[in-house]
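A.B. asks: Here is the input, now give the coordinates:
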Amino acid sequence: MKNLLILAIFGITICGCNSTVDRDQIIKNQKEQIIHYYHENLNNCLAKIEEIKTTDKPDELKKTFDEARIPFKRIEPIMSFYSAKGYHTLNQPNLPHVDEFDNSDKVIDAIGFQVIEELLYASDSVDVQEIHRQAGLMKNMLNLELNNNKILVLKPYHLLWMVRNELVRITSLGISGFDSPVYLNSLQEGQYSYDGIAFLISISEEYFKDEVLLKEWNESIEDAKHKLTSSESFDQFNRYLFIKESVHPMLELWVKTIKDWEVEFPFEQKINYYATSLFDQKTFNINKFSSRYSIDYNEEVVQLGQQLFHDQKLSSNGKMSCATCHDPQKAFTDGLPKSITNTGAANKRNAPTLMYAGLQAAQFYDSRKSLLENQIMDVVKNKDEFHSDMYKVEGVVKENSEYTKMLEKHYEKVDSKSIRNAIAMYVRSLSPFNSKFDKGITSDQVTLSSAEVNGFNLFMGKAKCGTCHFAPIFNGTVPPLFNHSELEVLGVPSEKVWESAEVDPDKGRFEISKAPIKMFAFKTPTIRNISKTAPYMHNGVYETLDEVLKFYNQGGGEGIGIHLENQTLPPDELNLTEKELSDLVAFMESLTDQVNY
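C.D. replies: Have a look, this model is predicted:
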């Protein structure tokens, strides 16, 4: 009955599961249905946006805003796939941005739903005129989408990609409140995102040979929608159980569907196709985070990279290795506020952990390099670090017969690229996903304490940590595609004081982009293994997690007297209790991996 209800909602012709039906005809019918569904919801969204333009009363504006979000969320799996730029424009955070590479300082203001949400809910007075202007801009975007059919290619694997992307998006961004940061209506809206998944499954009915599998999909979707809408409030929603009992079982169904449909994917993605958990060592495909010239992941090369990582001969003075600042016993940090230079003096910044560094789209605190291979070259050339060049490093490596033998076995030649790729492959291996938290949310191997579970729920909910440290890696690399790592302006102080503080003088990303809006912007690091990586922040100003949470609880820099117009961290106090702060620490400590490097 639930299957029939879903199909009836969307007006889909009910056909029996049949593996002998011509797939070309199925695809033709699916394209017609998906285009109709997409345009119907776009038109419904557009009608509500136009209604916003003609409404002056705040209560009516809020009601119409809610109604506009429903069709938008129902097409989220489709629009984010076929029209990623349009989707992002309509649903981007209300933060100004710049194109760092157009040689212009022009600041581009955000438009879209999140902007209107803040205008409606962030203050007592409602700027109706600005809401109307925003609605006009959104109207233009929606009309552009309606007049440009981007659903040109549709294969079975496209449908599966859309479904899984949406499952990851709901898990990482939806239930954290990322796209409803003020109104906090993400849980209610999640049911409409699941409507979009239900639609994609329903138009694929003829692909299913296993009717039980189709039934399980529909029941799982309905169950997830019920859980999202039955929570008493955004803060009280049990995200831990939702992921464990709803999202992960659906990933298992997704894997079964690959086999049932006999799908062959044209290429690999950053999440492995047979991953049934988002928090497991088998979740991510390391090869897809590598450079173009990288060879496939290889344990022998990892071991070679580990040797090179610890080899002090690669530096000019023969006293510094990668491990000097990234000690395996300290989760690949050095335990110092600021790392030391090759002369023993203090460096400019704290040494970040290299664990999970392979699963991010930018390297260094200022994101000046995208790949680990390029980061390694930067370290080699840096006068405060290796103070050398790759030609000299290459010479040192060639003098070692064991190094040369292993490199020649796996690469065409011993050169800068092969050496850097070997070290980078070792760093990419440092993503074990075997912490207590990972084991608990992935299986029943361990049971998390109530404090650890509550801490995760706070992290992804009331404390709003998960809107910058995205699950499952808990860094700033944005799911579900993991192609971009975000930077944030927090207002980190130069000294540990709690009032009348002064911002740390390190200008961060500004030194790279020269864009004023990037002043004091730094990449969001992972919090995995954070119990071992003190002191914290880019300048090591905080010694304990309690101090870090106190900083955030007070609203970042704004809460301690640092007034930055471009602070991206919401300046509002979080009003977390001592028990909640303690639970957050318990959760973060549960992210400590069980490793021996």
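A.B. asks: going forward, measure contacts between C-alpha atoms and count neighbours the same way
C.D. replies: OK.
A.B. asks: Could I get the full set of helices for the stretch 401-550 of the chain?
C.D. replies: For the stretch 401-550 of the chain, the helices defined by DSSP state H, counting those that start in this stretch occupy 401-410, 416-428, 436-442, 450-460, 510-513, 545-553.
A.B. asks: quick one: contacts of the fifth one?
C.D. replies: This points to helix 510-513. Identification of contacts with helix 510-513 by Cα atoms under 8 Å, 6 or more residues apart in numbering yields 100, 101, 366, 368, 516, 517, 518, 519, 520, 521.
A.B. asks: Stretch 445-457 now?
C.D. replies: Here stretch 445-457 makes contact (Cα under 8 Å, 6+ apart) with 235-240, 436-437, 439-440, 580, 582-588, 590.
A.B. asks: Show me which positions of that stretch end up buried.
C.D. replies: With burial defined by 16 or more other Cα atoms under 10 Å, the residues of stretch 445-457 counted as buried are 448, 451, 452, 453, 454, 455, 456, 457.
A.B. asks: Narrow the contacts of stretch 445-457 to those in helices?
C.D. replies: The helices, defined by DSSP state H, take in 239-240, 436-437, 439-440, 580, 582-588 from these.
A.B. asks: Any regions of the chain where pLDDT drops low?
C.D. replies: Applying pLDDT under 70 to the chain flags the ranges 1-21, 103-104, 597.
A.B. asks: Point me to the residue sitting closest to the centre of it.
C.D. replies: What sits nearest the mean C-alpha location of the chain, by Cα atoms, centre = their mean, is residue 478, with 2.6 Å.
A.B. asks: give the contact list for that one.
C.D. replies: Taking Cα under 8 Å, 6+ apart as the criterion, residue 478 is in contact with 470, 484, 485, 486.
A.B. asks: What of residue 139?
C.D. replies: Residue 139 touches 46, 49, 50, counting by Cα under 8 Å, 6+ apart.
A.B. asks: If we only consider those, which is nearest to residue 402?
C.D. replies: The shortest approach to residue 402 among the contacts of residue 139 belongs to residue 46, at 65.4 Å (Cα to Cα).
A.B. asks: Which secondary structure elements does whichever strand or helix holds the closest one sit against?
C.D. replies: For residue 46, the host element (DSSP states H and E) is helix 23-53. When contacts are defined as 3 or more Cα pairs under 8 Å, 6 or more residues apart in numbering; DSSP states H and E, helix 23-53 packs onto helix 58-74, helix 128-146.
A.B. asks: With distance to residue 318 added, can I get the ones you listed in CSV?
C.D. replies: CSV is the format used below for the helices and strands packed on helix 23-53 (distance: least, Cα to Cα, whole Å):
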stretch, distance to residue 318
helix 58-74, 57
helix 128-146, 58
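A.B. asks: so which of those helices gets nearest residue 157?
C.D. replies: helix 58-74 (19.9 Å).
A.B. asks: Buried residues in that closest one, which are they?
C.D. replies: Going by neighbour count (16+ other Cα under 10 Å), the buried part of helix 58-74 is 61, 62, 64, 65, 67, 68, 69, 70, 71, 72, 73, 74.
A.B. asks: list the helices and strands that helix packs on?
C.D. replies: With contacts taken as 3+ Cα pairs under 8 Å, 6+ apart, helix 58-74 sits against helix 23-53, helix 113-121, helix 186-202.
A.B. asks: would CSV of the helices of the stretch 401-550 of the chain with distance to residue 324 be doable?
C.D. replies: Shown next, in CSV, are these (distance: least, Cα to Cα, whole Å):
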stretch, distance to residue 324
helix 401-410, 21
helix 416-428, 15
helix 436-442, 28
helix 450-460, 32
helix 510-513, 26
helix 545-553, 24
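A.B. asks: of the ones you listed, which approaches residue 111 most closely?
C.D. replies: Going by Cα to Cα, the one of the helices of the stretch 401-550 of the chain nearest residue 111 is helix 510-513, 23.1 Å.
A.B. asks: Just the buried positions in the closest one, please.
C.D. replies: In helix 510-513, counting by 16+ other Cα under 10 Å, buried: 510, 511, 513.
A.B. asks: Which of the helices and strands packed on helix 58-74 sits closest to residue 151?
C.D. replies: When those are compared by Cα to Cα, helix 23-53 sits nearest residue 151, at 6.9 Å.
A.B. asks: Most neighbours of all the contacts of residue 139, which one?
C.D. replies: For the contacts of residue 139, the largest number of neighbours (other Cα atoms under 10 Å) sits with residue 49, at 26 neighbours.
A.B. asks: got the contact list for the residue nearest to residue 352 when sequence neighbours are not counted?
C.D. replies: Once flanking residues are discounted, residue 352 sits nearest to residue 333: 5.8 Å by Cα to Cα, 6 or more residues apart in numbering. Residues in contact with residue 333 (Cα under 8 Å, 6+ apart) are 325, 326, 327, 351, 352, 353, 354, 533.
A.B. asks: so can I have CSV of those showing secondary structure, distance to residue 87 and neighbour count?
C.D. replies: Formatted as CSV, the contacts of residue 333 follow (DSSP: H, G, I helix; E, B strand; the rest coil; distance: Cα to Cα, whole Å; neighbours: other Cα atoms under 10 Å):
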residue, secondary structure, distance to residue 87, neighbour count
325, helix, 41, 23
326, coil, 39, 22
327, strand, 42, 18
351, coil, 36, 28
352, coil, 33, 28
353, coil, 33, 24
354, coil, 33, 20
533, coil, 37, 21
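A.B. asks: Is it possible to get JSON lines of those that adds distance to residue 149?
C.D. replies: Shown next, in JSON lines, are these (distance: Cα to Cα, whole Å):
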{"residue": "325", "distance to residue 149": "52"}
{"residue": "326", "distance to residue 149": "50"}
{"residue": "327", "distance to residue 149": "53"}
{"residue": "351", "distance to residue 149": "48"}
{"residue": "352", "distance to residue 149": "45"}
{"residue": "353", "distance to residue 149": "45"}
{"residue": "354", "distance to residue 149": "43"}
{"residue": "533", "distance to residue 149": "49"}
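A.B. asks: hey, which of the helices and strands packed on helix 58-74 is tucked in deepest?
C.D. replies: helix 186-202 (a mean of 23; mean count of other Cα atoms under 10 Å).
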